[in-house]
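> here is a sequence with its predicted model. Questions after.
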Amino acid sequence: GSGLDDPNSSSTFATITGDLSITANFTAKSATDLSLILTSLPSAGGIALGAGSYTPGTSVNINAVPSTGYDFNGWSGGGVADSNSQSTSILLTTDHNLTAMFSVKKHSLTTLSHGGGSTSGDGFFNYGSSVSISASPSAGYVFSRWNGSGITNPSLSNTTVTLTADSNLTAVFSPKVYSVFVQSTEGGAAIGSGNYGYGTVVDINATPLNGYYFSNWSGAVFSDQNLSNAKITVLSDLNLTSVFSPILHTLTLDANPGGSVRGGGSYSYGSSVSISATPDSGFIFNRWSDDTLADPSSPNTNLIIAKDSNLTAIFSPIEFTLTLNASIGGSVTGSGIYSFGSTASIRATPDSDYAFKGWIGGNLAEQNNSSVTFQLFSDNNLTAIFEKISTSTLSQAEDLGASWFASWFGTFYETDTNWCYHTDLGWIFLSFDSSGGAWIWKENLGWLWTDPTRYKDLFLWSESKSDWIYLDLSSSDGPLIYDYASGTWTQL
């Protein structure tokens, strides 16, 4: 019939695609032919192809075909070219009886878990075996299904699998779903409510309204209980409440030197607080340091509490004017604007040939001192009085009476001005300097200078000639002047 793999073999396979009629044909064996008998062990394990009668010396091809679920293990009976090969040959020199050896296939079964749980049923089993498998969820999880082939009922945690190949089966577990309900007390709002799987880390957030602060969460114990933005791990149904409390703000009032303040303390959000600043004697209130106040330039004003605040009252010392004047004969320093109680230093400096006599116009403790330091508590107008020093005084001359004096410069008559009549030089304008010398103005000669050392030898320095001149007082013709620059004598 048709559909046979090997119609010449006593053992073969037929492919069934419809009704099939197969007839085995037998012929009488020749007396000289040899028999090759092939069997299978176990018979269900497969078939052996190639049996029949053959002329002696024939090399016959034999083939062992295992049934589904079986493996070929080898040939027994001897004479086979390769006893371990499914397809091999045998050289017939005598009758042979060969057996194809088969064994049932062994398959591995491995069970795995995905999510939270454990499995059992692993091992090695014969082909076609029905093996029991089991899935056990961990705390907080439920069994969902088995993934893999050959499972009798994948939706049952305890079921069976028929093994026809090595198998890896996975038990899928899903987290249990719990309800988290988040609410808040007066003073704010909270978010984070929902349904979450077991072990899920959930963000919960509490937001206070103006004037309130977040205090804590109530309804469960967890590590971030005092944080407004917290994380919780869901292990059961939860009912959480965010607790808010009114804010108390601190108002701190400070004062710069020169005054005091009132109104500082702790106040609730939105309160209207009166604050005041009082200057000390000698000071005036300037302003508050915070320009957002209703009236920062007023010492008495109001503040709406919206946060912690630190305000400073700024005071300024009252300023006074110190006016200094000088009479003829000197100058003064120290005039200006001074703060209340500050220290002023004043100085009176006499001109050449003048002396300081005292201060007038104020209530100074040291009115006769040219340099005075005192504190100002009011406006002051002071005048330094200077007095002309007489020529005789400057030269430390001896008083001869009737305004005549004798000194290292000779004998002279002193007037109320710097003009003097000198017994040798006549009328001169005389001014003593700080070095102890004297400047002399003489008509026709201009300015001359000398001092006790030079004048003792009758030498004078001429400013106009830029040279020394010599004074001869012994001449019978009257005083003579010798000009070293021109080498000439002239009458004084």
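Cool, the structure landed. Numbers count the residues shown, from 1 in each chain.

> which strands and helices sit next to the helix-or-strand element of the chain with minimal mean pLDDT?
Sorting the helices and strands of the chain by mean pLDDT, DSSP states H and E puts helix 391-394 at the bottom, at a mean of 70. For helix 391-394, the packing partners by 3 or more CB pairs under 8 Å, 6 or more residues apart in numbering; DSSP states H and E come out as strand 404-407, strand 410-414, strand 426-432. C-beta coordinates here come from the backbone N, C-alpha and C atoms, glycine included.

> of all those strands, which lies closest to residue 313?
strand 426-432 (60.5 Å; CB to CB).

> packing partners of the following helix or strand past that closest one?
Next in sequence after strand 426-432, counting helices and strands by DSSP states H and E, comes strand 438-442. If you count contacts as 3+ CB pairs under 8 Å, 6+ apart, strand 438-442 packs onto strand 426-432, strand 446-450.

> and those as CSV, adding distance to residue 334, mean neighbour count and mean pLDDT?
Converted to CSV, the helices and strands packed on strand 438-442 look like this (distance: least, CB to CB, whole Å; neighbours: other CB atoms under 10 Å; pLDDT from 0 to 100):
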stretch, distance to residue 334, mean neighbour count, mean pLDDT
strand 426-432, 28, 17, 87
strand 446-450, 35, 18, 93
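
> present these as a markdown table; the columns should include distance to residue 274.
Shown next, in a markdown table, are the helices and strands packed on strand 438-442 (distance: least, CB to CB, whole Å):
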| stretch | distance to residue 274 |
| --- | --- |
| strand 426-432 | 73 |
| strand 446-450 | 78 |
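
> surely residue 237 meets residue 179?
Yes: Residue 237 lies in contact with residue 179 (CB atoms under 8 Å); the separation is 4.9 Å.

> quick check: residue 453 is in a helix.
Yes: with DSSP: H, G, I helix; E, B strand; the rest coil as the criterion, residue 453 is part of a helix.

> burial of it, as a residue count?
Neighbours of residue 453 under the rule other CB atoms under 10 Å: 11.

> ok, it to residue 182 distance?
Separation of residue 453 from residue 182 (CB to CB, to the nearest Å) stands at 110 Å.

> also residue 449?
Taken as CB to CB, the span from residue 449 to residue 182 is 106 Å.

> for the stretch 251-400 of the chain, which spans come out with low pLDDT?
394 (pLDDT under 70).

> tell me the contacts of residue 171?
For residue 171, the contact set (CB atoms under 8 Å, 6 or more residues apart in numbering) comprises 111, 112, 113, 114, 117, 119, 135, 143, 145, 146, 157.

> repeat that with 10 Å
The neighbours of residue 171, taking CB atoms under 10 Å, 6 or more residues apart in numbering as the test, are 111-115, 117-121, 133-137, 143-148, 154, 157.

> kindly report the same for residue 449.
431, 433, 435, 437, 438, 439, 440, 455, 460, 461, 462, 463.

> ok, back up a step: give me the common contacts of residue 237 and residue 179.
The contact sets of residue 237 and residue 179 overlap at residue 195 (CB under 10 Å, 6+ apart).

> give me the beta-bridge partners of residue 98?
Counting by DSSP bridges, residue 98 is bridged to residue 38.

> any idea how far it lies from residue 121?
Taken as CB to CB, the span from residue 98 to residue 121 is 41 Å.

> and what of residue 444?
Here the criterion is CB to CB. By it, residue 444 lies 148 Å from residue 121.

> the more surrounded of those two?
The residue with more neighbours, out of residue 444 and residue 121, is residue 121; 19 against 8, by other CB under 10 Å.

> pretty sure that one sits against residue 131.
Yes: counting by CB atoms under 10 Å, residue 131 is a contact partner of residue 121 at 5.9 Å.

> list the contacts of residue 467.
Residues near residue 467 by CB under 10 Å, 6+ apart: 461, 483, 484, 485, 486.

> same thing but 7 Å
The contact partners of residue 467, taken as CB atoms under 7 Å, 6 or more residues apart in numbering, are 484, 485.

> repeat for the one 10 residues further on
Residue 477 makes contact with residue 491 under the criterion CB under 7 Å, 6+ apart.

> that one and residue 492: what is the separation?
10 Å.

> over to residue 378?
Residue 378 is 61 Å from residue 492, by CB to CB.

> more crowded one of these two?
Using other CB under 10 Å, the more surrounded residue of residue 378 and residue 492 is residue 492, with 17 against 11.

> thought residue 483 was touching the more buried one, still the case?
No: look at residue 492 against residue 483 with CB atoms under 7 Å: they stay out of range, at 11.8 Å.

> about what we covered before: any residues in contact with both of residue 121 and residue 131?
residue 109.

> please, where are all the helices along the protein?
Counting by DSSP state H, the chain has these helices, from start to end: 391-394, 452-456.

> neighbouring contacts of the first one?
If I follow you right, that is helix 391-394. Contact with helix 391-394 is made by 353, 399, 405, 414, 418, 420, 430, 432, as judged by CB under 7 Å, 6+ apart.

> please name the nearest non-neighbouring residue to the second one.
Once its chain neighbours are removed from consideration, residue 399 has its nearest residue in residue 405; the separation is 5.9 Å (CB to CB, 6 or more residues apart in numbering).

> list the beta-bridge partners for that neighbour.
Applying DSSP bridges, one finds that residue 405 bridges with residue 399, residue 412.

> from residue 140, how far off is it?
If you go by CB to CB, the gap between residue 405 and residue 140 works out to 126 Å.

> settle it for me: which of the two has more neighbours?
Neighbour count, other CB under 10 Å: between residue 405 and residue 140, residue 405 has more, with 22 against 17.

> return the residues in contact with residue 161.
Listed by CB under 7 Å, 6+ apart, the contact set of residue 161 reads 109, 131, 133, 150, 151, 152, 167, 169.

> quick check, the second one in contact with residue 167.
No: taking CB under 7 Å as the contact criterion, residue 131 and residue 167 are not neighbours in contact, 8.9 Å apart.

> which neighbours do the two share?
109, 161.

> contacts only, for the residue minimising distance to the centre of the chain.
Geometric centre of the chain, nearest residue: residue 229, 21.5 Å, by CA atoms, centre = their mean. Counting by CB under 7 Å, 6+ apart, residue 229 touches residue 205.

> that one and residue 50, how far apart?
Taking CB to CB, one finds residue 229 at 82 Å from residue 50.

> just checking, residue 198 touches residue 141?
Yes: when contacts are counted by CB under 7 Å, residue 198 is listed as touching residue 141 (6.3 Å).

> ends of stretch 208-216, what's the gap?
Terminal residues of stretch 208-216 are spaced 11 Å apart (CA to CA, to the nearest Å).

> follow-up on the earlier one: take the helices of the chain and lay them out in CSV including distance to residue 331.
Output for these, formatted as CSV (distance: least, CB to CB, whole Å):
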stretch, distance to residue 331
helix 391-394, 20
helix 452-456, 30
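
> ranking those helices by burial, who's on top?
Comparing those by mean neighbour count (mean count of other CB atoms under 10 Å), helix 391-394 ranks first with a mean of 19.
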